[in-house]
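**Student:** here is my input; please provide its structure:
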Amino acid sequence: MILITAKELSLLAVLIAAILLVLSYLALPALLIRFYQSRNVRLTFEARDPRSYSIEKLPLPILVLCALFLFYAVALHVPIFFNGIFPLFGVLIFGLQGILLIDVSILCLLGLAWGVLKRNTWAWWGSLIYFVLLILSLVLTLSRYSFSDILAGMIFSPTEMEALQGVPLHGLHIAALIGIPLPITLGWIIFSKRYFSTTEG
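**Tutor:** Next up, the predicted model:
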């Protein structure tokens, strides 16, 4: 976003940004996963704390799904600082109404995370419906608004507005930028279906 607000990007800046993105989202996580899955790390943890915890018995896809839901629950607090902006199936909601919708979304996510942790089938179906609706709402809403319309509702200070005005973005670009993790999460939900029990627990 900082590069975008610069408005004029050199080829070198784009290349550096691309390299940093690859390192941040691919190389660094891969190195961390390899490190924490190594035999020495496992033996160190076992030596320091030999007890077994129930969370260790959960399949990795379930743990990943819970972690994602908790991440989204934290990330959903961010729009509150931008006048409670919330995309609702074609309309941008701001102010107290937007904040209330954000609160409901966060509570739903926390409930789904709890159900996923228990591996209940209702939580899987709820997660599937939640993210399908979230993606549809985001795309339908942001595709109808220009970047300047979105900025106007966020009530930035004059200095920030001056920096952000003229940025070559449309609402659909923002939907793509913000929404990339959502289809990936939806795919992970579909992939994790076999790890859910058929009975409520």
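
**Student:** this protein: strands as residue ranges?
**Tutor:** Along the chain, counting by DSSP state E, strands occupy 86-88, 91-93.

**Student:** outline the domain layout of this protein.
**Tutor:** Following automatic domain parsing, one gets these domains for the chain: 1-51, 57-195.

**Student:** now tabulate the ones you listed in JSON lines and tack on mean neighbour count and mean pLDDT.
**Tutor:** For glycine as for every other residue, the C-beta is placed from the backbone atoms N, C-alpha and C. Output for these, formatted as JSON lines (neighbours: other Cβ atoms under 10 Å; pLDDT from 0 to 100):
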{"stretch": "domain 1-51", "mean neighbour count": "10", "mean pLDDT": "74"}
{"stretch": "domain 57-195", "mean neighbour count": "16", "mean pLDDT": "80"}
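
**Student:** quick one: contacts for the nearest residue to Tyr72 once chain neighbours are set aside?
**Tutor:** Of all residues not flanking Tyr72 in the chain, Leu109 sits nearest, at 5.7 Å (Cβ to Cβ, 6 or more residues apart in numbering). By Cβ atoms under 8 Å, 6 or more residues apart in numbering, the contact set of Leu109 is 69-70, 72-73, 76, 130.

**Student:** which members of those residues are the farthest-apart pair?
**Tutor:** Farthest apart among the contacts of Leu109 by Cβ to Cβ are Leu70 and Tyr130. That separation is 14.2 Å.

**Student:** spatially nearest residue to Tyr195 (excluding sequence neighbours)?
**Tutor:** Pro59 (4.8 Å).
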